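[1] Just a sequence and a predicted model for now, questions to come.
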There are 2 protein chains.
Amino acid sequence: MGAEERTKRTHSAGLEKLLNPHTVAVIGASPKEDRIGGIILKELTRSHCLLYPVNPKYQALRGLRCYASVLDVPDRLDLAVITIPASGVPNVLEECGLKRIPYAIVVAGGFGETGEEGKRLQDRLVEIRYKYGIRILGPNTLGVFFPEQSFDTIFVEHGDKSLAGGGGTAVISQSGSVGIEALGLASNIGFGLRTFVGLGNKCDLDELDFLNYFAKEPGTRLIAFYLENINEGRQFLKACRTVSQDKPIVGLKAGRTASGASAVSSHTGRLAGMDLVVEGAFRQYGILRVQDDEELTDVCRALETCPLPQGNRVAVLSPAGGYGVICSDYIETPHSFTPLQMARLLPETEQRIRSVTLPFASCHNPVDITASASGEMYGQAMEAILQDPGVDILICLVFWSPPGIEDDLLDIIARRVKGSNKPVLVFTTYGPFTDRYLLEFWKRGVVGYSSIERTVRAARFLVERSMQLERFALEKSEAGARKEPSPPLQVSVSRPKRSIRRVVEQWLLNLKEPGKPDEYEAKDLLRRFGIPVPRGVRVPPFLSRGQDSGLYKMKEEAVKRGMKALLPKRFTFPAVVKVCGASFLHKTELGGVRIGVLKGELEAVLSDFQHRFPGAFLLVEEQVDFLPPELLVGGLEDPQFGMALILGAGGVLTEVYKDVTSRLCPLMVQEAERMLSELRIRPLFEGYRGLPFDRNGLVQLLVGVSELLAASEGVLSQVDLNPVVYSRERGWVVLDAKIVLCGIGSPGGSLR
Amino acid sequence: MGAEERTKRTHSAGLEKLLNPHTVAVIGASPKEDRIGGIILKELTRSHCLLYPVNPKYQALRGLRCYASVLDVPDRLDLAVITIPASGVPNVLEECGLKRIPYAIVVAGGFGETGEEGKRLQDRLVEIRYKYGIRILGPNTLGVFFPEQSFDTIFVEHGDKSLAGGGGTAVISQSGSVGIEALGLASNIGFGLRTFVGLGNKCDLDELDFLNYFAKEPGTRLIAFYLENINEGRQFLKACRTVSQDKPIVGLKAGRTASGASAVSSHTGRLAGMDLVVEGAFRQYGILRVQDDEELTDVCRALETCPLPQGNRVAVLSPAGGYGVICSDYIETPHSFTPLQMARLLPETEQRIRSVTLPFASCHNPVDITASASGEMYGQAMEAILQDPGVDILICLVFWSPPGIEDDLLDIIARRVKGSNKPVLVFTTYGPFTDRYLLEFWKRGVVGYSSIERTVRAARFLVERSMQLERFALEKSEAGARKEPSPPLQVSVSRPKRSIRRVVEQWLLNLKEPGKPDEYEAKDLLRRFGIPVPRGVRVPPFLSRGQDSGLYKMKEEAVKRGMKALLPKRFTFPAVVKVCGASFLHKTELGGVRIGVLKGELEAVLSDFQHRFPGAFLLVEEQVDFLPPELLVGGLEDPQFGMALILGAGGVLTEVYKDVTSRLCPLMVQEAERMLSELRIRPLFEGYRGLPFDRNGLVQLLVGVSELLAASEGVLSQVDLNPVVYSRERGWVVLDAKIVLCGIGSPGGSLR
């Protein structure tokens, strides 16, 4: 869909008539309760809408007059719910268009998801959509559910009737099942649903439309989505970033581990199978990512209900010591992005807990008030902990078997939760009654879970959201959205995109082998943008005696005259000699790399290489002495989101530890900084063992490379700078580089 | 408890009278239903036992004659349940002893867990136990629960009344709450409990007694435990290893992340905070480790019910595509020890599925038969998948909302599960009815979960158990339990423990600074056992002109005469010069290591070192050229389990990636092999990029070091060999070594 059409779409913004219509036609309405048209009609009679069943076979249905066509309906219609099978849909949709109905929900499957024929049918819907301006949800959608108005077009039985109105979570789900089943399960223990939308095949209305709508809809406090593919990746992400400043966005994207089979010719490419780009992009654009439906609903429950914590220090209150220890274990389990820590209670707090509990209670965090505790003790201990300034989050473990615990503990806890501006999460378990207690908590405004791990995970998301808002605030307070690094970039990429692209195109024209840059040429491109690479020269292959070629002959002689003629001015030894060409896999293991070559040895080494790699070009470079760590800086074009920058631990262990992170290009300085903090080798960036480390220089390099990548979209498909190292003399240097061009496919090469 | 006492204990093996008694005294019985003695008496009236209430205050209780003392009971008693408060327990226990009652359960808290006074009271119980031979469960225990006989001494309300008899899982729990609450939750969806035992303070009967009992008890098919500390660590583990050949053992040990504050002076020590030793020891001794109560019950349900898989290839059947993808993601998520893979279905299987499902079904794994499928289609697709020889495990995702799905799907699925020798696990969700459906499945012999992640996790444990049994079989088939490595060990540690210990003690006596071996001395100890270290010499500090000392003076002159006099014969250059002494932290960063020193440079380098590190000893060694990876081999004495061997990725990233694994010493060759396969850097052991790797040599080194460590228990507290590297010339060599002695404490040093 072009920019023009998108513009048209944003103009028809208000989806109220779709989600909360006054007048609705049910096309294909039926008296039979096992038919989709019957189920939906019955469901809608519970809503507050004026209903107009449409079916030429009937005069009346459920006491309502039934029409042969929407064109016969004497009222103006907000919405048509089309429940008939796929083949008949285009005709009735055309009638809806003629009737100037603004919205239609197409329930039937059998369209684009089923192959070529279905796709053609779906294309006809799109034609009608543009002919009449009618907006379509679906086809192949479960439709919408808006509990506040009892408006529900979902034809499958869903166990979420207990979802009361008043919740603030809008759920946008590409798969009907995942969304509906998840909500069904969640409603069991309470879930604050505002609206559910099943996207189906997204022939017209898609995630972006609903995101924009819910962003403004006053009853929506949080937006959750389940998506399998994203229509306009970059635009959707940008919208998310804007919306998440105000409302949290929780995202589930399926297909995490699906191996990116087409992108396996470089380190970076092989890492892509990890779903790295989606992970980084979500973080960059303010989406809180979850992995399954349970996590989605767990996180929504907490984010919608709890105040946000000021920090990550968690206290645990338990009447069962063992559970307290298990909970501490989860809290202290290392986490890359959102570590939690056990709060240290003040001596006064511990004293206060001691004074209100039994003598055997353990008043350190995790606080164990023992199974002999009463509800009142529980409440007083809660109060003491919540008032400790060293506590940001409280996790309450609640059991109903101790003799001193009665049901009034629900209210005792709820009172303390309401009285505090700190988040409290409850874990409770009580055999067959667990869910009932969780629901009772929920009704009292308290969020509970039946698993300790899930409780701790929810706490982590509260911290994550809190950090996100802090970051947004910081970025706003800095002048302009884009902070310039200081001192200014040494890498000179920062120039207009068009000018970068011109340099890249020029470079392309000069490749020795069209479309297949070798290491020397890859480094040459970097050099043109001021990205440091070792100084060096590429030596052409010698020719055997029998052959002849003016150019090569001459160079051969030059080599024989002594390398001095070829080497750049002031070249310093020792040198590194490498075999150079995309076809050499594992240069090191092949004996294709020789380090520490002294001036006097160079000719002999070159001669040896020429002998072992006949016909190969060679690279002679100044040797760079560097300090750990070795890094990987890569670029990768993602089909949904565009060019991504990868940063990771480099060298021989890159693929072993997969210690990598990514962001979409171009990169803000703040995001480059965050990338550094997301690697597990980050201690090496923070003066580990007294090693020097030029953090600012690395950030500059990343921003520079990301700008080169952003400008080269559609030209460069994979870039692999590995290792990138820090040298005391030269700062950050790219020691090895590989570039794969778009549409060229995998040369099967690797860097080391 | 000494060996003699332990012998006595094993003789009094049969715990039947405790767990399934005929005659039971309830001491402290009460008519009040809110008193412990009242609750337990009432509970026990439901059992098949003859009951004798004991309480001087009453004549009769619940229609039973009540006695003033157990001594008055006219029958022979199997068991006394003592429900009175702590202070009165010793007296009545003494009476039980006089009455020759073989078992007593002491319910009251207020003993060893509460401090010194309580500990004294508990010691009195132990005295009485040995005076009369009466065996005690507790004190501070919830007691036992044996559903088959409705025998239940648990006084707190537990939600597990629905735990029918007939299950095969024995649960041994140190914490009453964790055990009982976990079972309560599990019983909600079905759990096959055989017996529950709460250990309490373990003043007498402990985990080992019950392990041994359940190992032989015919109704027990699986043993699960929750423990906070283990009384006789090594003996318990050995018993587990024997039992697990026959019955699976699932273990939950709390305190995973508690930082080992006392052991932070070496790499190895700092890694101990990871709970590394417990993790490795459990794996070594056949215990399937879980992290919380939910995982414990989840895993027991699967292991008790399902046949074991032949491999790790998982197929997924779903009527909802999105859920299928989420499930595949969990299956393909990398896992260190038990990776799963998505099965590849045969073309015939896919064809068969296609023939029984709707045209839009996706017949690749994960198979998506769409929400339009019927129960019969589901069953036929199951059958096709289960008959595919490329499938080891089937995960069925089951939803109840599709219109074609009725409750008969329960039976359809159960029939296929029964008809197959492959494990089938079900994930199902249906709002408030989820648990009901899970229970219905359970009643039909089908194991189900309400979370995809937990379903996949259960599959992983089935594979893990299957691999465990394979390993046991392999070990048995090999001649003797202890396989000798072939070719025979080059490291000559393999000798009687006493002889090893003599060498260690001799070495101790010769340390330059008593109790604080330096690097040279640490390597010297290794050398004595044939563990390769670089050849080298320790150079004493020069003295300044003013001072004098015969020995040093002489050596100083020797140095000045030329290092040749000090260096070993045929010492080859280049050399490495290092400052040598436990007090030098981060030698490399201090400039305390110089590599590539040529013959002519040595004196100048030494002189420079002496200048920069006045008074320090220096180490001059032959430089070893090595290939990646660098490894860490360490030793660590664990307070519960004794000496453990650590193997990990070494070098500068050791503590960053914590890619380590451990086993208790000494090590069998098979276990050393397994350690290699547990590291994430294992690709480097398997011909990664064509690098040579002497796997057998490394295994020998590990076994050798483990024997040295095992013989040195109580002498060496931490050993840190890092890096250990492979050189083409010398094989495996320990480049740096550090040893900390027991009782010496932390010298605060580090290796590099």
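    Everything's here; your move. Numbers count the residues shown, from 1 in each chain, chains lettered A, B, ... in the order given.

[2] Which positions in the stretch 101-250 of chain A make contact with chain B?
    A:109-110, A:113-114, A:155-160, A:162, A:174-178, A:180-185, A:187-188, A:226, A:228 (Cβ under 8 Å from any Cβ of the partner chain). All C-beta spots, glycine's among them, are computed from the backbone N, C-alpha and C.

[3] Among those, which lie within strands?
    Here DSSP state E is the test, and those give A:Tyr226 as lying in strands.

[4] Give the buried subset of the residues of the stretch 101-250 of chain A next to chain B as a PyMOL selection command.
    Per 16 or more other Cβ atoms under 10 Å in any protein chain shown, the buried members of these correspond to this PyMOL selection:
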select buried, chain A and resi 109+110+113+114+155+156+157+158+159+160+174+175+176+177+178+180+181+182+183+184+185+187+188+226+228
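
[5] Narrow the residues of the stretch 101-250 of chain A next to chain B to those in helices?
    Judged by DSSP state H, those include A:Gly176, A:Ser177, A:Val178, A:Ile180, A:Glu181, A:Ala182, A:Leu183, A:Gly184, A:Leu185, A:Ser187 as members of helices.

[6] could you pull out the helices for the stretch 601-750 of chain A?
    Along the stretch 601-750 of chain A, counting by DSSP state H, counting those that start in this stretch, helices occupy A:602-612, A:654-657, A:669-678, A:695-711.

[7] Rounded mean pLDDT for the first one, please.
    Put plainly, it is helix A:602-612. Mean pLDDT, helix A:602-612: 87.

[8] Can you give me the buried ones in that helix?
    In helix A:602-612, counting by 16+ other Cβ under 10 Å, buried: A:Leu602, A:Val605, A:Leu606, A:Phe609, A:Gln610.

[9] ok, now the third one?
    If you call a residue buried by 16+ other Cβ under 10 Å, then helix A:669-678 has these buried ones: A:Val669, A:Gln670, A:Glu671, A:Ala672, A:Glu673, A:Arg674, A:Met675, A:Leu676, A:Glu678.

[10] swap in stretch A:609-623?
    A:Phe609, A:Gln610, A:Phe613, A:Ala616, A:Phe617, A:Leu618, A:Leu619, A:Val620, A:Glu621, A:Glu622, A:Gln623.

[11] Those residues in strands, which ones?
    Those of the buried residues of stretch A:609-623 lying in strands (DSSP E): A:Phe617, A:Leu618, A:Leu619, A:Val620, A:Glu621, A:Glu622.

[12] wait, A:Val314 sits on A:Glu332?
    No. Using Cβ atoms under 8 Å, A:Val314 and A:Glu332 do not qualify as a contacting pair, with a distance of 9.5 Å.

[13] So between these two, which is more surrounded?
    Taking other Cβ atoms under 10 Å in any protein chain shown, A:Val314 and A:Glu332 do not tie; A:Val314 has more neighbours (29 against 19).

[14] Which other helices and strands does the helix or strand A:Thr455 falls within contact?
    For A:Thr455, the enclosing helix or strand under DSSP states H and E is helix A:452-477. Applying 3 or more Cβ pairs under 8 Å, 6 or more residues apart in numbering or on different chains; DSSP states H and E, one finds that helix A:452-477 makes contact with strand A:287-290, helix A:293-305, helix A:321-332, strand A:393-399, strand A:424-429, strand A:447-449, helix A:669-678, helix B:293-305.

[15] Once you drop chain neighbours, what's closest to A:Pro568?
    A:Arg535 (5.6 Å; Cβ to Cβ, 6 or more residues apart in numbering or on different chains).

[16] How about the contacts made by A:Arg663?
    Contacts for A:Arg663 (Cβ atoms under 8 Å, 6 or more residues apart in numbering or on different chains) come out as A:Gly280, A:Ala281, A:Arg283, A:Gln284, A:Ala644, A:Leu645, A:Glu671, A:Ala672, A:Arg674, A:Met675, A:Ser706.

[17] burial of the residue of the stretch 301-450 of chain A found nearest chain B, as a residue count?
    Closest residue of the stretch 301-450 of chain A to chain B, Cβ to the nearest Cβ: A:Gly431 (1.8 Å). Residues near A:Gly431, counting by other Cβ under 10 Å, number 23.

[18] In terms of helix, strand or coil, where does the residue most central in space within chain A fall?
    Per Cα atoms, centre = their mean, the C-alpha nearest to the average position across chain A is that of A:Phe282, at 2.8 Å. Classification of A:Phe282 by DSSP: H, G, I helix; E, B strand; the rest coil places it in helix.

[19] residues touching it, list them.
    So A:Phe282 contacts A:Gly251, A:Lys253, A:Leu288, A:Arg289 (Cβ under 8 Å, 6+ apart).
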